[in-house]
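Engineer: predicted model and sequence follow; I will ask about them next.
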Amino acid sequence: MRLFHTLKDFYEFDSGWPGGDWPVTGRFDPPRFEVILGSILTQNTRWENVEMALGAMAERGLTSAERIVHSGNAAVETAIRSSGFFRRKTETLMEICRLWEYTMGLPPLDIRRDELLAINRIGPETADSILLYALSRPEFIADAYTRRLVLRLGFFASPPDYQPVKLFFEGFLDREVSLFRKFHALIVQHARKYCRRNPVCTGCPLQISQECLFPAEC
DNA sequence: GGCCAGGACACCA
DNA sequence: TGGTGTCATGGC
């Protein structure tokens, strides 16, 4: 928890920190549907590109599962082009929207993690993102930022897989949705500022520049 | 023009 | 089972 409080003390009053809330514009119906769209569109892409794609979807009226299904693949591909991998992501979005067209574009609240993972091109990170932010379920997200951070802090001896890092955090944190969201948001905030592949260590609150055990991976 | 960015999956040895 | 290639774009 010392890691959490160090980050919290440093970023709590940073204007760029979302405070653990997924950024939602309110242009989609229902708002949680936007979280699900963002979780898929953000795969291997900068968030700025996702915002462009969501904006283009909203402009074209692709704001609900029903509208997306009836618009056809070409319209979705055009709208989400800026997020990259647009053909594959369109297939995933279509599959999800067809599945959930009659439940307002949302999965059942009690959907299991493995049921999400059974959907094409939804892996552990995307599934946890949907569960934590759209369905308010306590599933820790061990994204690339998180895995890079724990490696640089020396918690793992080599670049770790997704599941060990997820279990690592869930092992010492209380299973609270708000805590998981805040912790994840802090890690993202920190990574964007200091812990990229080519890190900017000056001013880093974790002083990783002095403690990093794996400069080669940094 | 090359590299990087919040993944997932198919294929092959 | 682990490594590698593929999907694709925008920004620096």
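Structural biologist: Okay, I see it. Please read all numbers here as calculations on a predicted model, not as lab measurements.
Engineer: the closest residue to residue A:43 other than its chain neighbours: what's it in contact with?
Structural biologist: Closest residue to residue A:43 apart from its sequence neighbours, by CB to CB, 6 or more residues apart in numbering: residue A:126 at 6.4 Å. To be clear about C-beta, it is placed using only N, CA and C from the backbone, and glycine gets the same treatment. For residue A:126, the contacting residues are A:39, A:40, A:43, A:116, by CB atoms under 8 Å, 6 or more residues apart in numbering.
Engineer: burial count for the second one?
Structural biologist: This points to residue A:40. Residues near residue A:40, counting by other CB atoms under 10 Å, number 23.
Engineer: pLDDT weak spots in chain A?
Structural biologist: In the predicted model of chain A, residues A:15-17, A:197-202, A:207-218 satisfy pLDDT under 70.
Engineer: can you give me the strands for it?
Structural biologist: Along chain A, no segments are classed as strands by DSSP state E.
Engineer: near DNA strand C, which residues of it?
Structural biologist: Proximity of chain A to DNA strand C is confined to A:44-46, A:48-49, A:52, A:81-82, A:84-88 under the rule CB under 7 Å from any atom of the strand.
Engineer: how does it look with 10 Å?
Structural biologist: A:43-46, A:48-49, A:52-53, A:56, A:77, A:80-91, A:121, A:158-159, A:161 (CB under 10 Å from any atom of the strand).
Engineer: quick check on those: which are buried?
Structural biologist: Among the residues of chain A next to DNA strand C, those classed as buried by 16 or more other CB atoms under 10 Å are A:43, A:45, A:49, A:52-53, A:56, A:80-86, A:89-91.
Engineer: run through who's touching stretch A:62-81.
Structural biologist: A:27-29, A:33, A:41, A:53, A:56-57, A:59-61, A:86-87, A:89-91, A:93-94, A:96-98, A:100-101, A:104-105.
Engineer: dump the residue contacts of residue A:31.
Structural biologist: Residue A:31 sits next to residue A:24 when contact means CB under 8 Å, 6+ apart.
Engineer: distance of it relative to residue A:38?
Structural biologist: 11 Å (CB to CB, to the nearest Å).
Engineer: returning to what we had before: just curious, which of the contacts of residue A:126 is nearest to DNA strand C?
Structural biologist: Nearest to DNA strand C among the contacts of residue A:126 is residue A:43, at 8.7 Å by CB to the nearest atom of the strand.
Engineer: ok, now which ones touch that closest one?
Structural biologist: Counting by CB under 8 Å, 6+ apart, residue A:43 touches A:85, A:89, A:121, A:126.
Engineer: buried set for stretch A:137-144?
Structural biologist: A:137, A:138, A:139, A:140, A:141, A:142, A:143.
Engineer: regarding chain A, what is its longest helix?
Structural biologist: Longest helix in chain A, counting residues (DSSP state H): helix A:177-193.
Engineer: for that helix, list the C-alpha coordinates in PDB.
Structural biologist: In PDB, the C-alpha atoms belonging to helix A:177-193 read as follows (Å, rounded to 0.1, in the frame of the first residue of the first chain):
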ATOM      1  CA  VAL A 177     -13.900  -1.400  -6.800                       C
ATOM      2  CA  SER A 178     -13.100   2.200  -5.900                       C
ATOM      3  CA  LEU A 179      -9.600   1.200  -4.600                       C
ATOM      4  CA  PHE A 180      -8.800  -0.900  -7.800                       C
ATOM      5  CA  ARG A 181     -10.000   2.000 -10.000                       C
ATOM      6  CA  LYS A 182      -8.000   4.600  -8.100                       C
ATOM      7  CA  PHE A 183      -4.800   2.400  -8.000                       C
ATOM      8  CA  HIS A 184      -5.100   1.700 -11.700                       C
ATOM      9  CA  ALA A 185      -5.700   5.300 -12.600                       C
ATOM     10  CA  LEU A 186      -2.700   6.400 -10.500                       C
ATOM     11  CA  ILE A 187      -0.400   3.800 -12.300                       C
ATOM     12  CA  VAL A 188      -1.700   5.000 -15.700                       C
ATOM     13  CA  GLN A 189      -1.100   8.600 -14.700                       C
ATOM     14  CA  HIS A 190       2.400   7.800 -13.400                       C
ATOM     15  CA  ALA A 191       3.300   5.700 -16.500                       C
ATOM     16  CA  ARG A 192       2.200   8.400 -18.900                       C
ATOM     17  CA  LYS A 193       4.400  10.900 -17.100                       C
END
